[in-house]
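In: Provided below for reference: sequence and predicted model.
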Amino acid sequence: MRKPCCDKQGNNKGAWSVQEDQKLIDYIKTHGEGCWRSLPKAAGLHRCGKSCRLRWINYLRPDIKRGNFGQDEEELIIKLHALLGNRWSLIAGRLPGRTDNEVKNYWNSHLKKKLIKMGIDPNNHRLNQIPTRPQAEPAAPVIATSTTKGSKNNITRSKPKKLSNGDNHRVSDTANCLEDDYKSLVIQQVAASGSSSINLDLSIAVPASPGHSNPFGNKQQNFKWGKTSQVENDPSSMPTLLLFR
DNA sequence: AATCATCCCAACCGCATGTAT
DNA sequence: CATACATGCGGTTGGGATGAT
């Protein structure tokens, strides 16, 4: 099998030092993003490329918006999550200056609880007290798993086993779980809530920020909807059409 | 003040996917 | 076509910060 990218002995792990940050910033300022594999060596960093990429994207990029999420951002995340499921990079792409990691963390630490408090199942965005109609596939079952962290977190952590053909069912599962009326309402609200600063076009996950822009210039933006997705088979029917059909 | 519990976020890991050879 | 490589994504974890007792 292929070797893991981060198995190099002598690579630093854990928190980044100020010096490491500066090296990475300086290098990217000079050479731009991309070629993460070779970047650490070229920049004089004892880190794997993955780690450098993560550090840059989630923390060092100059256009990152720091601070609390606004009410409008919060609502948008909830609405987009209802439509897209755990597609954090897609959701983050609609929130200028926010990273997928940040959105994911905010969802797990704040919004999930908020929805639960409101009596809404965060997995499928249904009101818990409303009887659910039978469905072929249960929505993301909450499996109580024990983790090494034990009871550290109130939120149940579950790692649903990846489907054999990838995670392409996630969106459809989540979307299918929505009651039709609720789905329509969400779609209307998302569309209506659009402001000039928030890109609601879901057709292509073009990152909202320049730092997130295609670093290689010639590569297509990847939009993963899975092998069996009709979207992939028919490039003309992108998610926008699928969702707002 | 000390201890314990919980929260939060940066970072890591494994896997999927696209591309090059 | 098969394989290896490079990158991106989402789930999970480690550990510092903060709050409660």
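Out: Sure thing, it's come through.
In: list the contacts for A:Asp100?
Out: The contact partners of A:Asp100, taken as C-beta atoms under 8 Å, 6 or more residues apart in numbering, are A:88-89, A:91-92. Any C-beta I mention is one placed from the backbone N, CA and C, and that applies to glycine too.
In: would you format these as a markdown table with pLDDT, neighbour count and secondary structure included?
Out: Shown next, in a markdown table, are the contacts of A:Asp100 (pLDDT from 0 to 100; neighbours: other C-beta atoms under 10 Å; DSSP: H, G, I helix; E, B strand; the rest coil):
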| residue | pLDDT | neighbour count | secondary structure |
| --- | --- | --- | --- |
| A:Trp88 | 91 | 22 | helix |
| A:Ser89 | 89 | 19 | helix |
| A:Ile91 | 91 | 25 | helix |
| A:Ala92 | 90 | 24 | helix |
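In: which one of those residues is nearest A:Leu127?
Out: Set against A:Leu127, the nearest of the contacts of A:Asp100 by C-beta to C-beta is A:Ile91 (21.9 Å).
In: picking up where we left off before, which pair in the contacts of A:Asp100 spans the largest distance?
Out: A:Ser89 and A:Ile91 (7.4 Å).
In: circling back to that earlier point, export the contacts of A:Asp100 to a markdown table and tack on distance to DNA strand B?
Out: Output for these, formatted as a markdown table (distance: C-beta to the nearest atom of the strand, whole Å):
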| residue | distance to DNA strand B |
| --- | --- |
| A:Trp88 | 10 |
| A:Ser89 | 12 |
| A:Ile91 | 15 |
| A:Ala92 | 12 |
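In: which of those come close to DNA strand C?
Out: A:88-89 (C-beta under 7 Å from any atom of the strand).
In: pop out the phi and psi values for A:Val18.
Out: phi -60, psi -40 (degrees, to the nearest 10).
In: show me what contacts it?
Out: Applying C-beta under 8 Å, 6+ apart to A:Val18 gives no contacts.
In: just A:Leu60 next, same as before
Out: Counting by C-beta under 8 Å, 6+ apart, A:Leu60 makes contact with A:21, A:24-25, A:28.
In: what's the spacing between A:Arg66 and A:Tyr59?
Out: 10 Å (C-beta to C-beta, to the nearest Å).
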